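# got a sequence here, can you model it:
(one chain, ligands or ions: 2)
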Amino acid sequence: MNQPLPASRPTKLLAADAPGITDAAALLCAGGLVALPTETVYGLAADATSGAAVAGIYAAKERPSFNPLISHLPDLASARRQGLLDANALALAQAFWPGPLTLVVPASPDCTVSDLARAGLPSVALRVPAHPIAHAVLEAAGRPIAAPSANRSGRISATSAAHVLADLDGRIDAVLDAGPTEVGVESTIVACLDGAPRLLRPGGVPREAIEHVIGRPLVIAGDAGHAPISPGMLASHYAPAARVRLDAEAPDDGEAWLGFGPDAQEYPASLNLSPNGDLREAAAHLFGYMRRLDETGRTTIAVARIPEYGLGEAINDRLRRAAAPR
Ligand code: AMP
Ligand code: MG
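Ligands and ions are numbered 1, 2, ... in the order given. Take a look at the predicted model:
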């Protein structure tokens, strides 16, 4: 099957001034996609609290898999509403925010970051960026903003508005043009989940500087002798407790059912990812619905066939991982 392109729309060029910042924030709050400058590269921003908006990021980038995204916030206080920062995380935030450090922490009970942006994990990745324009947009938007690099999957990261347009013109609502970004490195990612902080990705803040603040060596994720003890310890994957059976026509006796598309049948313990067969809606519901069906205690979740185009590719990638023998 050919992959239909995401709906085409005119991409606005916004200036890095007060009206441009206001427009960018308004577009984000309305569920739109806006490329924003950060201190590293241009980020493709969307409302992290909206699964549908986050699904739009994957559609525009044509990314074939869902991994958890970093939620950007204007300050430490708003980050603490989303995640539970232990003493190490707090010390690191105070030392390096705003700046190129991402903290992976347990999501707070009041966390508003969507399941899709967290890829179904109980943790959340938080960062307070230093770029003044990004900061102003985050402040105006008043909610966490997900923003992976603003390029199509497999292409190089965009360091100017022109680069963004070369990849994403007609696929996103706007680019906020603040000139070329300094080609920096990505943010350093440190997980502070339970006990020893772990380095998940090296980046702009050097390891030594982090170790100086926490007063101990960082555990390097994947080091021998440090097997990950929870899925959130690595950029790992949400896995349901139930077995997952793919490409099912219907649930067998006792199975939970995850449907897709206009399906007249009603089953006990069933949810439909998108009754209209909309892959973007299905992506937005995927993790939350899997978790809800898992919570029914059924030992198997049977899943309807999902088309293998557009966001279906990423949805199927995730479902195959969930179905893989463990
Ligand atoms: P980026 O493309 O720069 O936004 O990178 C996001 C990175 O953060 C990826 O490597 C993710 O796997 C990682 N990440 C985000 N959230 C989590 C999380 N909850 N647990 C572990 N890794 C995460
Ligand atoms: Mg990238």
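# could I get the contacting residues of Leu165?
Thr11, Leu13, Val175 (C-beta atoms under 8 Å, 6 or more residues apart in numbering). Where you see a C-beta, it was placed from the backbone N, CA and C, and this is true even at glycine.
# can we see that at 10 Å?
Thr11, Leu13, Ala35, Ala150, Ala158, Arg171, Ile172, Val175, Asp177 (C-beta atoms under 10 Å, 6 or more residues apart in numbering).
# these in strands, which ones?
Among the contacts of Leu165, the members falling in strands (DSSP state E) are Leu13, Ala35, Val175, Asp177.
# what about the stretch 151-300 of the chain, any weak spots by pLDDT?
183-184, 222-237, 264 (pLDDT under 70).
# which residues of it fall in helices?
For the stretch 151-300 of the chain, applying DSSP state H, counting those that start in this stretch gives helices covering 161-168, 207-214, 279-294.
# one step back: from the ones in strands among the contacts of Leu165, which is closest to Glu186?
Checking the ones in strands among the contacts of Leu165 against Glu186 with C-beta to C-beta, the nearest one is Ala35 at 16.6 Å.
# from Leu126, how far off is the closest one?
To Leu126, Ala35 is 21 Å away according to C-beta to C-beta, to the nearest Å.
# gap between stretch 95-110 and the chain center?
Centroid separation for stretch 95-110 versus its chain: 14 Å, with C-alpha atoms, centre = their mean, to the nearest Å.
# average pLDDT for it?
Across stretch 95-110, pLDDT averages out at 96.
# got it, and stretch 13-20?
What stretch 13-20 shows for mean pLDDT is 98.
# buried residues in that stretch?
Across stretch 13-20, burial judged by 16 or more other C-beta atoms under 10 Å covers Leu14, Ala16, Gly20.
# start and end of that stretch, how far apart?
One end of stretch 13-20 to the other measures 9 Å (C-alpha to C-alpha, to the nearest Å).
# and it, how far out from the chain middle?
26 Å.
# contact partners of it?
12, 21-24, 27, 34-37, 131-133, 136-137, 140, 161-162, 164-165, 169, 173-179.
# so who does Val213 touch?
Val213 makes contacts with Asn88, Ala91, Leu92, Ala93, Gln94, Ala95, Phe96, Pro197, Val205, as judged by C-beta under 10 Å, 6+ apart.
# mind checking how far the fourth one is from ligand 1?
Right, Ala93. 16 Å (C-beta to the nearest ligand atom, to the nearest Å).
# in CSV, list the helices of the stretch 151-300 of the chain along with distance to Phe260.
Shown next, in CSV, are the helices of the stretch 151-300 of the chain (distance: least, C-beta to C-beta, whole Å):
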stretch, distance to Phe260
helix 161-168, 28
helix 207-214, 43
helix 279-294, 6
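# looking at the ones you listed, which is nearest to ligand 1?
Closest to ligand 1 of the helices of the stretch 151-300 of the chain is helix 279-294 (C-beta to the nearest ligand atom; 11.9 Å).
# which strands and helices sit next to the closest one?
When contacts are defined as 3 or more C-beta pairs under 10 Å, 6 or more residues apart in numbering; DSSP states H and E, helix 279-294 sits against helix 51-61, strand 243-248, strand 256-259, strand 270-272, strand 300-304, helix 312-323.
# give the bridge partners for Ile301, please.
Val244, Ala256 (DSSP bridges).
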